[in-house]
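Chemist: one predicted model, sequence on top.
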Amino acid sequence: MLPVADQARNAGADVVILPAPDHLGPLELNRVMDVADVETVLPRLSFARWHAAGAAR
């Protein structure tokens with residue numbers, strides 16, 4: 001089974017939707033945020049991917 005970050009990268013996902021923030025451990029959440037935004041359902045939270053946050057385009 002591939003880690004979520006690898007699945008998101010392979011799929012070219014822009015966002016990963018999780019049931020809750022604790023669905024992933026802190027290290028895997030950090031890896032996912034390198035490739036995609038993260039949205040959680042309960043509580044409703046949004047986490048912007050690292051490379052897009054504050055980056056000049």
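Modeler: Received it, and whenever you're ready, just let me know what you need.

Chemist: so who does residue 50 touch?
Modeler: Neighbour list for residue 50: 30, 33, 34 [criterion: C-beta atoms under 8 Å, 6 or more residues apart in numbering]. For every residue, glycine as well, the C-beta is placed using N, CA and C.

Chemist: for residue 49, same thing?
Modeler: Neighbour list for residue 49: 33, 34, 35, 36, 37, 38 [criterion: C-beta under 8 Å, 6+ apart].

Chemist: and with 6 Å instead?
Modeler: For residue 49, the contact set (C-beta atoms under 6 Å, 6 or more residues apart in numbering) comprises 33, 36, 37.

Chemist: per-residue pLDDT, the spatially closest residue to residue 9 that is not a sequence neighbour?
Modeler: Closest residue in space to residue 9, ignoring its immediate chain neighbours: residue 35 at 4.8 Å, by C-beta to C-beta, 6 or more residues apart in numbering. Note on residue 35: pLDDT of 93.

Chemist: quick one: the helices in the protein?
Modeler: 4-11, 26-33 (DSSP state H).

Chemist: how far does the first one sit from the chain's center?
Modeler: Going back to what we said before, that points to helix 4-11. 10 Å (C-alpha atoms, centre = their mean, to the nearest Å).
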